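Novice: Would you be able to build a 3D model of this:
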Amino acid sequence: LGALIVLNPRIKYLFGKVTMYTTYKAVARNALIWFLRRYFPDRDRLVEGIHPLKLDLDDPYYEELFSGETYMENYHILIQKIREFNENIPPLINAYMNLSPTMRVFDTVMNPDFGGVEETGILVTIRDIYPEKRMRYTRWQGWRANLKHRREEFSERLREHLGRITRKRKN
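Specialist: Residues are numbered from 1 along each chain as shown. Purely as a prediction, here's the structure:
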């Protein structure tokens, strides 16, 4: 994603989804989704799933579970609770949670066309990505300084590769 940002400097948002498998324990999944919706809500209702999963997130259990006063306190509670169910926060979800304070989380739906996985929509505003994360994932200055050179190198390698394929087909 860092390359997308660098190669397309006018984009303002990254919109996509994070995936969880149905083998992930439902109570751990619900705690994670509740946490995400608490700290990264879609207050404007920008996106709604056509058939969102019914997750029972209104259960007072979650409000009582996350008794910390800060994001970090509740993040540690989340990690601990999920581990009690022998699960972990999926790495990609964990990375996005720590990318931007203004990320938005949308409905969770089942994707029958991709093995029945559960997918949750997310939106990240590029300008709100933490500066240290931006530098880590884009190496901002380095990308810009060498971008033309790397594009030329890539084009040359691609031409060579396509030439080899063409020669093999002729033989």
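Novice: quick one: secondary structure of Asp44?
Specialist: Under DSSP: H, G, I helix; E, B strand; the rest coil, the three-state class of Asp44 is coil.
Novice: Could you report the neighbour count for it?
Specialist: Asp44: 7 surrounding residues under other Cβ atoms under 10 Å. Bear in mind the C-beta positions are built from the backbone N, C-alpha and C, glycine included.
Novice: and it, how far is that from Thr125?
Specialist: 13 Å (Cβ to Cβ, to the nearest Å).
Novice: In stretch 102-109, which residues are buried?
Specialist: Within stretch 102-109, the residues that count as buried by 16 or more other Cβ atoms under 10 Å are Met103, Arg104, Val105, Phe106, Asp107, Thr108, Val109.
Novice: Residue nearest the middle of this protein, spatially speaking?
Specialist: Nearest to the mean C-alpha position of the chain, by Cα atoms, centre = their mean, lies Tyr96 at 4.6 Å.
Novice: Need the three-state assignment for that residue.
Specialist: Reduced to three states with three-state DSSP, the structure at Tyr96 is helix.
Novice: Tell me the gap between the longest helix along the chain and the middle of its chain.
Specialist: Identified as the longest helix of the chain according to DSSP state H is helix 140-170. Between the centre of helix 140-170 and the centre of its chain there are 29 Å (Cα atoms, centre = their mean, to the nearest Å).
Novice: which other helices and strands contact it?
Specialist: Secondary-structure packing of helix 140-170 (3 or more Cβ pairs under 8 Å, 6 or more residues apart in numbering; DSSP states H and E): helix 2-7.
Novice: Quick check: buried residues in the helix it packs on?
Specialist: Gly2, Ile5, Val6.
Novice: Give the next helix or strand downstream of it.
Specialist: strand 13-20 (DSSP states H and E).
Novice: Tell me which other helices or strands that next one touches.
Specialist: Against strand 13-20 (3+ Cβ pairs under 8 Å, 6+ apart) you get helix 91-97, strand 117-125.
Novice: tell me the most buried of these?
Specialist: Stretch with highest mean neighbour count among the helices and strands packed on strand 13-20: strand 117-125 (a mean of 19; mean count of other Cβ atoms under 10 Å).
Novice: Given it, what are its sheet partners and their directions?
Specialist: Applying DSSP bridges, strand 117-125 is found paired with strand 13-20 (antiparallel), strand 104-111 (antiparallel).
Novice: Understood, closing this out.
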